[in-house]
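*Asks:* Dropping a prediction and its sequence here:
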Amino acid sequence: MPYLKLSDACLAYGHVPLLDHADFQLDPGERVALIGRNGTGKSSLLAAMAAGTGRGRLDDGEVWAQPGIRVGYVPQEPPFDPAMNVFEAVTAGMGEASRLLAAYHEVSHQLAEGVGDHDDLLARMESLQHELEACGAWAYEAQAERVIDRFGLDPEASVGSLSGGQKKRLALAQALAVAPEVLLLDEPTNHLDIGAIEWLETMLIESGVTLFFITHDRSFLERVCTRIVELDRGKLASYPGGFKEYQRRKEAQLHEEGLANARADKLLKEEEVWIRKGVEARRTRAVFRVQRLDKLRAERQARRERMGKVNLQLDAGDKSGKLVAELEHVTKRYGERTIVGDFSTRIQRGDKIGLIGPNGAGKTTLLRMILGELKPDAGTVRLGTKIDVAYFDQFRTQLNPDSSLVDVISPGSDYVEIGGARKHVIGYLEDFLFAPERARSPVSSLSGGERNRLLLARLFARPANVLVLDEPTNDLDIETLELLEELLQNYEGTLFLVSHDRTFLDNVVTQTIAAEGDGHWYEYAGGYTDWATYKASLAKEAVKPKSEAKPAARAVEPAKPKGGKLSWKESRELEALPGKIADLEAEQAELTKRLEDPAIYQADPTSAQKAAERLATIDEELMALLERWEILESRATAAG
């Protein structure tokens, strides 16, 4: 029996049908990805499927959910009360249990802090305990505490103080706290760094929860989904397998659709010529041809063509000097924390550089020093000549929500100049798929993907020989992402790219600057996959006996940290790491041996499941220890 089912669904926005008698079914155990162009109605469809959220609506048709099923829903921009703390926000979706748990925790804090009458508080706590036991809320509390811990959140932290990535984690924790059988996710990777995305992928796969999610992250799609459903011109088409299989099938489908449309158009043209002959067309025996012509006309009128492609053009303007920036032993600290420590690099015209690292690692700080906007605490920065910088801001602060699209692109003028050619601003907006009738609409009326397209249009409306793109892929559909990749590959200027989209990084950048903890930044040749492969090889080499270890080849040798002497605590940590790694490897070998015995699955399946879960956890713990060992060892060697 399916978990969720959509039948004959219709939904329109203005005169455009987003859902045109669409059907869909989600079965237990599936991980289904919903993809499609921006503005096709994916979020509206997901909200309509979110049974019991009250967010979705259909103009016609039906959404059916299996009776009693628990559905977790995470919208693209989850609404939270900033006055709540994390625990209150996570338990907010638990109904009456949520109210009781919040009250219980409030009384607990008052008792701990000595606020109020002690006897009254104890009596209130006893009353709440009885109510909580009656509705089984203690199980909910335990689940809430588990997911808060799993997502690395502080239960007492104010929601208003959280970053974008932490709020996304909070939304996921809130959805998982009710132990859902179905999880509906709208762009779950937005605002998460690469490490968090990879962790989320693993968690979703290992949890076994049934998924229906929207994403444009192709690496996430390929690893997580078991089926792709595309929303295209109001219809839902299903493609089994991952993203690469979808691309192959979709290309063949579009080719066949093009041929069929061409044949229909040719027949319609021939019949139009025939009907104009007049007398012959009015003979009784030819009535069927008149009827067929009417049918062909109706089919042609009803045919919905695919939306045109974004027409991206980027003018690099005048060339900058050969040297863009040179950093020598640059250090930047905020208080006791080192953001950048003794980093050196040389950036030349035409380099395409990707910056990767966890949220808060200091990618923006390093970028601002490279571009001369922020002075280092130590070291020198030398800038090149004739540098003209354009920024893409992930938070879209450059977009005034009250301004019209025309004013955003070309304030005070009806024309933009691209590559020396003048173009009317309305036509320029059409290149980015904004219809002429929307040119005077306010920015506030746009979806997230449309705002990103508008920001790209603004960015590309003037020449720049240095381009800084901070998370440009958020909310962009896959087709626009691929067009942007091609544009950036052919861009003749210098590019700095901050992105969590691993496929985008691989397809665009020529070198990577990676944050590797404690303010250390290293430079590598290639994109994300090249960096990840190199780090994996380092980890493997670290566990081999010294006689077997061979130096791994590296295209760009990272600068060794200087003056990074280990503290006493770090020295003790480094000495203890080999023993910890050996213990984990011994436990790993023992568990592997147990799971290789088929008898355990019959005699004690629960134990087998726990052993498998522990084995997966050991892999993560080992990787973390090995990475820490490599960092400490390199610092100790450099200091020595």
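*Replies:* Yes, it's here. Numbers count the residues shown, from 1 in each chain.
*Asks:* The host helix or strand of residue 89 - contacts with which helices or strands?
*Replies:* In the assignment (DSSP states H and E), residue 89 maps to helix 86-91. Packing partners of helix 86-91 (3 or more C-beta pairs under 8 Å, 6 or more residues apart in numbering; DSSP states H and E): helix 96-113, helix 137-150, helix 164-176. Bear in mind the C-beta positions are built from the backbone N, C-alpha and C, glycine included.
*Asks:* Point out where the stretch 151-300 of the chain drops to low pLDDT.
*Replies:* Of all residues in the stretch 151-300 of the chain, those with pLDDT under 70 make up the ranges 254-255, 257-258, 261, 264, 268, 270-300.
*Asks:* show me where the stretch 401-550 of the chain has strands.
*Replies:* Here the stretch 401-550 of the chain has its strands, by DSSP state E, counting those that start in this stretch, at 415-418, 421-424, 466-470, 494-498, 511-515, 521-525.
*Asks:* for the record, mean pLDDT for the third one?
*Replies:* Taken as a whole, strand 466-470 has a mean pLDDT of 89.
*Asks:* Now it - C-alpha only, PDB.
*Replies:* Taking C-alpha atoms only, strand 466-470 is exported to PDB below (Å, rounded to 0.1, in the frame of the first residue of the first chain):
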ATOM      1  CA  VAL A 466      37.300  39.500 -11.400                       C
ATOM      2  CA  LEU A 467      34.200  37.600 -10.500                       C
ATOM      3  CA  VAL A 468      33.300  36.600  -6.900                       C
ATOM      4  CA  LEU A 469      30.400  34.200  -6.600                       C
ATOM      5  CA  ASP A 470      29.300  33.300  -3.100                       C
END
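*Asks:* Partner strands of it, with direction?
*Replies:* Its sheet considered, strand 466-470 pairs with strand 389-392 (parallel), strand 494-498 (parallel) by DSSP bridges.
*Asks:* circling back: lowest average confidence across the strands of the stretch 401-550 of the chain, which one?
*Replies:* strand 415-418 (a mean of 80).
*Asks:* From the chain's centroid, how far away is it?
*Replies:* 33 Å (C-alpha atoms, centre = their mean, to the nearest Å).
*Asks:* Can you spell out which helices and strands pack onto that strand?
*Replies:* strand 421-424, helix 425-431.
*Asks:* Of the helices and strands packed on helix 86-91, which stretch is the most buried?
*Replies:* helix 164-176 (a mean of 22; mean count of other C-beta atoms under 10 Å).
*Asks:* Residues touching that helix, excluding its own?
*Replies:* 72-75, 78, 80, 86, 89-90, 92-93, 144, 147-148, 150-153, 159, 162, 183, 185, 188, 190-193, 196, 200, 359 (C-beta atoms under 8 Å, 6 or more residues apart in numbering).
*Asks:* ok, now which ones touch the residue positioned nearest the centre of the chain?
*Replies:* Centroid-nearest residue in the chain: residue 189, 2.7 Å away (criterion: C-alpha atoms, centre = their mean). The contact partners of residue 189, taken as C-beta under 8 Å, 6+ apart, are 197, 200, 215, 217, 220, 500.
*Asks:* which of the residues you listed tops the neighbour count?
*Replies:* With neighbours taken as other C-beta atoms under 10 Å, the top of the contacts of residue 189 is residue 217, carrying 27 neighbours.
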